[in-house]
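*Asks:* everything below, folded, please.
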Amino acid sequence: MDQWDFYPFRVGSFRRARNVLRGSLRGRSITAFEYFFVLLRDSADRNGFQRDATNWFLVCVIDLDHPVPPLAAVRTSWLEWHDDELPGPAIEVNHGPWSRLFTLVGENEDFGRAVVSNENAARCAEADVRVEWRFERDELVLWVWRGRVDEHLIAVLDVAKPLVEAAERYGRAES
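*Replies:* Numbering: from 1, shown residues only. Sure thing, here's the model as predicted:
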């Protein structure tokens, strides 16, 4: 958890992971866990986080076969939680339902459009499990607010599979 310096991993106290699962998805290593932290009254309030609250997320990490450009999809209503950590400017996505829920951010617009195709945007918007995700080096990290391994992991993997496949195809095409 200390390897990621972006929300939700850089906030709160008493950070814990539980219900850790490891396995594979179409030959890719995955790790899923429930991540808990507490925001106390004396926590910095620069981002408007809810104080005196326990927060939890289902986190799923999928290893890629090679590094890719940084790219993040954040819920538009939660943009302020991400402060200045996002990996570049907003990339416009021409898919109404997806664009009402998410903002895509990254430095490589071609990579962003390859990953968030209309088909992948529709799948993410349809699943709507309060998921956000980020490609970071050779990993896709997804997190679901108030998610549980036993309730949401399958939906998260359904969202993740086409994103991972598109990212790996793009990387191979660039080589």
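*Asks:* any idea how far residue 89 is from residue 80?
*Replies:* Distance from residue 80 to residue 89, counting by Cβ to Cβ, to the nearest Å: 17 Å. All C-beta atoms are positioned from the backbone trio N, CA, C, and that covers glycine.
*Asks:* ugh, wrong one, I meant residue 23
*Replies:* 35 Å.
*Asks:* quick one: residues contacting residue 120.
*Replies:* Applying Cβ atoms under 8 Å, 6 or more residues apart in numbering to residue 120 gives the contacts 162, 163, 166.
*Asks:* residue 138 versus residue 151, what's the distance?
*Replies:* 28 Å.
*Asks:* chain neighbours aside, what residue packs nearest to the most centrally placed residue in the chain?
*Replies:* Closest residue to the average C-alpha location of the chain: residue 133 at 1.5 Å, with Cα atoms, centre = their mean. Using Cβ to Cβ, 6 or more residues apart in numbering and skipping residues adjacent in sequence, the residue nearest residue 133 is residue 142, 4.2 Å away.
*Asks:* which helix or strand contains that neighbour?
*Replies:* When elements are assigned from DSSP states H and E, residue 142 belongs to strand 139-145.
*Asks:* list the buried ones in that strand?
*Replies:* 139, 140, 141, 142, 143, 144 (16 or more other Cβ atoms under 10 Å).
*Asks:* tell me the mean pLDDT for the next helix or strand after it?
*Replies:* Note on strand 139-145: by DSSP H and E, the next helix or strand toward the C-terminus is helix 149-174. Taken as a whole, helix 149-174 carries a mean pLDDT of 86.
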